[in-house]
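Visitor: Sharing a model that was predicted from the sequence below.
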Amino acid sequence: MLEEKQIGNIKIIICENKQEVAKTGAEIFAKAIGNNPKIILGLATGGTPVGMYKELIKMNKEAVVDFSQVSSFNLDEYVGLDINHSQSYRYFMNDNLFNHVNIDKNNTYVPDGKPSNIQESCLSYEGKIKAAGGIGLQLLGIGSNGHIAFNEPGSSKETRTREVDLTETTIKDNARFFENEAEVPKKAVTMGIGTILEAKRIVLLATGENKVDALKRSIKGLQIAEVPASFLQAHSDCLFIIDKEASSGLL
Ligand code: PGA
């Protein structure tokens, strides 16, 4: 394992490149599953975790990690996208992880982006996390604007699973996954910061220079709603695994 540093309350591992970030993250997840085969994972989408999921798929095929008893809750989902839409987060999770490992899909949860009653659906998602016993290990990415999940700047530390408006920055950042910017949904359902902070352990992955400012403000700045990831400083077991590019000027 690479050297772990600490800034304030946040533990940090700086990797050579994004491949090393993926491997380091996968090793931590595999070990946590090994220690507790019935672990409840919190999972994330976006470009960053794809490499880590590839590593976990490899480890599962080599019988190094067994997902058969694992459950998972995803952070968020676009509002209005059908689960079969290629950019829905349910589709992403099936495509990038669940279809390739021995997880029971009945034990995988992604917020519903097309519920008949969105408020009820959000409450029920929170209820399912609680009923499962809470999240043991939560994976996060970070937006270039400091968001975690779709908790955009302005989100308080107490927020729970709810419907939110996406900011222009996020819509622009995510346009690369769609035909064009106009196709990016304007709303999402997301776990709140309060929900995320209840996870027993949190691992955040970040790579590339696009994340430098957000990381600096999250790790060294004040805990403020303008930088939602800064609230992670309040968690007692939060590890950032980042590459050299993303760590510029941090230490
Ligand atoms: P990315 O997104 O991994 O695609 O950069 C991260 C995020 O928005 O949380």
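Guide: Sure, I can see it.
Visitor: Which helix or strand lies directly C-terminal to the longest helix seen in the chain?
Guide: Counting residues, the longest helix found in the chain (DSSP state H) is helix 18-35. Scanning forward in sequence from helix 18-35, with DSSP states H and E defining helices and strands, the next element found is strand 40-43.
Visitor: ok so, going back, so the longest helix of the chain, near the ligand or not?
Guide: No: applying Cβ under 6 Å from any ligand atom, one finds that helix 18-35 is not in contact with the ligand, the shortest distance being 10.5 Å. C-beta coordinates here come from the backbone N, C-alpha and C atoms, glycine included.
Visitor: Please point out which parts of that helix sit buried.
Guide: Within helix 18-35, the residues that qualify as buried by neighbour count (16 or more other Cβ atoms under 10 Å) are 18, 20-30, 32-33.
Visitor: okay, now the residue nearest to Val79 when sequence neighbours are not counted: neighbour count?
Guide: With sequence-adjacent residues excluded and distances taken as Cβ to Cβ, 6 or more residues apart in numbering, Val79 is closest to Lys187, at 4.0 Å. When neighbours are defined as other Cβ atoms under 10 Å, Lys187 has 15 of them.
Visitor: Over to Ser116?
Guide: Using other Cβ under 10 Å: Ser116 sits among 7 other residues.
Visitor: Just to check, Tyr53 is in contact with Asn94?
Guide: No: in this structure, Tyr53 is not within contact of Asn94 by Cβ atoms under 8 Å, at 11.3 Å.
Visitor: Who has more neighbours out of those two?
Guide: Under the neighbour definition other Cβ under 10 Å, Tyr53 and Asn94 were set side by side, and Tyr53 has more, 25 against 17.
Visitor: how about the more buried one, what does it touch?
Guide: Under the criterion of Cβ atoms under 8 Å, 6 or more residues apart in numbering, the contact partners of Tyr53 comprise 96-97.
Visitor: the inter-axis angle of the helix or strand it falls within versus helix 18-35?
Guide: Counting by DSSP H and E, the secondary-structure element that holds Tyr53 is helix 50-61. Computed by axes from the mean of the first three to the mean of the last three Cα atoms, to 10 degrees, the angle separating helix 50-61 from helix 18-35 equals 50 degrees.
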